[in-house]
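Student: I need the structure of the sequence given here:
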Amino acid sequence: PFSILFRGCSFMITYQAGVLSALQELSPDIMKSAYRIYGSSSGSIVATVGLCGCDVGKGYKFLFVLCLRRWNIWEFWRVLRLMRGALHKFLPPNAHELVSGKLHVVLTRLHDWRSVTVSEFASKEELIQ
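Tutor: Purely as a prediction, here's the structure:
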């Protein structure tokens, strides 16, 4: 079995969105047939969108463009709020069910700086958080 990893790096989100779009167009079943889909940081957004079967070209363009711009620390919270709003709007209501067990979000625990993965989500809100 194979896995797919969408790495985190905010300015690469448009590149990853292009990769996802190409995968959806050229090999539509690749996301379904992958054993696991990993995502970290902005890559987890792309992985989630892909696993939910969302069309990257619709509605998500502005979300990816947001990540291209350099933001100062004061604008960071505004960007997070816009991203959450977009994910609430465009992800299906059962997104957490579609990705649970398949999507593995890579996180860093602050208290010991260890990497952990989360793959089960109880609600759409938990997935977005």
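
Student: Point out where this protein drops to low pLDDT.
Tutor: 10-11, 57-74, 76 (pLDDT under 70).

Student: Which strands or helices does whichever strand or helix holds L23 pack on?
Tutor: Counting by DSSP states H and E, the element that carries L23 is helix 13-26. If you count contacts as 3 or more Cβ pairs under 8 Å, 6 or more residues apart in numbering; DSSP states H and E, helix 13-26 packs onto helix 30-33, helix 42-51, helix 61-68. In short, each C-beta sits where N, CA and C put it, glycine included.

Student: so what's T108 closest to, chain neighbours aside?
Tutor: In space, and not counting its chain neighbours, T108 is closest to S115: 5.7 Å by Cβ to Cβ, 6 or more residues apart in numbering.

Student: Enumerate every residue touching the one you found.
Tutor: Residues in contact with S115, defined by Cβ atoms under 8 Å, 6 or more residues apart in numbering, are 106-109.

Student: Going through those, which ones are buried?
Tutor: With neighbours counted using 16 or more other Cβ atoms under 10 Å, the contacts of S115 contain these buried positions: V106.

Student: tell me the centre residue of this structure?
Tutor: The C-alpha lying nearest the average C-alpha coordinate of the chain belongs to I45 (Cα atoms, centre = their mean; 1.4 Å).

Student: do you know how far that residue is from R114?
Tutor: The spacing between I45 and R114, counted by Cβ to Cβ, to the nearest Å, is 23 Å.

Student: Repeat that for R84.
Tutor: The gap separating R84 from R114 is 26 Å, by Cβ to Cβ.

Student: And those two? Which one has more around it.
Tutor: Set side by side, R84 and R114 show more neighbours around R84, with 13 against 9, by other Cβ atoms under 10 Å.

Student: Would you confirm that that one contacts K124?
Tutor: No - at 11.0 Å, R84 and K124 do not qualify as touching, with contact defined as Cβ atoms under 8 Å.
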